[in-house]
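>>> Let's see this in three dimensions:
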Amino acid sequence: MRPSSVCRAVLFVSSSLATAGCGTGDGADTADADRTPGERLYAANCEACHGEGALGNGPLAATLPIPPPALFEHLGHHPMDQLVRIIQTGVPPAMPPATLGEAEVLEVVDYLWSLVPD
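Okay, the predicted model is just below:
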């Protein structure tokens, strides 16, 4: 197998494991079932950089050229169509485009609104 093929295989397996919701037998599957669709999509696509509470403190945040922002701070500053476009097209050089459809992005945005403090 050529190195590029090995890299693609590793990425495929890694992404498959990240999105497959592998059962651990410790109740994690039940906890995931209690999540909203937007929360599950956020966890699979955004949390690594933006963090569990969308504060910009995910485990990969320190490795990025630009620190990720606290996402809920952006919600009131952008109209919905702009939020969808930003999420789908990314923000170079740090944020890659999300491979989510518009309905999925709207689910994520709904979830982010739930994180905004009262």
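
>>> Please make it C-alpha for all contacts and neighbour counts, starting now.
Noted.

>>> quick one: the residue nearest the centre of the chain from residue 118, how far?
In the chain, the residue lying closest to the centroid (Cα atoms, centre = their mean) is residue 46, at 1.6 Å. Using Cα to Cα, to the nearest Å, residue 46 is found at 23 Å from residue 118.

>>> What of residue 42?
Residue 42 is 21 Å from residue 118, by Cα to Cα.

>>> Looking at these two, which is more packed in?
Applying other Cα atoms under 10 Å to residue 42 and residue 118 shows that residue 42 carries more neighbours, namely 23 against 4.

>>> helices or strands up against the strand or helix carrying the more buried one?
Taking DSSP states H and E as the definition, residue 42 sits inside helix 37-45. Judged by 3 or more Cα pairs under 8 Å, 6 or more residues apart in numbering; DSSP states H and E, helix 37-45 is in contact with helix 102-115.

>>> quick check: angle from the helix it packs on to helix 37-45?
Put simply, helix 102-115 runs at 100 degrees to helix 37-45, going by axes from the mean of the first three to the mean of the last three Cα atoms, to 10 degrees.

>>> Averaged over its residues, which helix or strand of the protein has the lowest pLDDT?
Of all the helices and strands that make up the chain, helix 3-20 has the lowest average by mean pLDDT, DSSP states H and E, namely a mean of 35.

>>> Quick check: which ranges of the protein have low pLDDT?
1-31 (pLDDT under 70).

>>> tell me the contacts of residue 96?
Residues in contact with residue 96 (Cα atoms under 8 Å, 6 or more residues apart in numbering) are 89, 90.

>>> can you check the one 3 residues further on too?
Shown in contact with residue 99 (Cα under 8 Å, 6+ apart): residue 88.

>>> next one: phi and psi at it?
phi -90, psi 60 (degrees, to the nearest 10).
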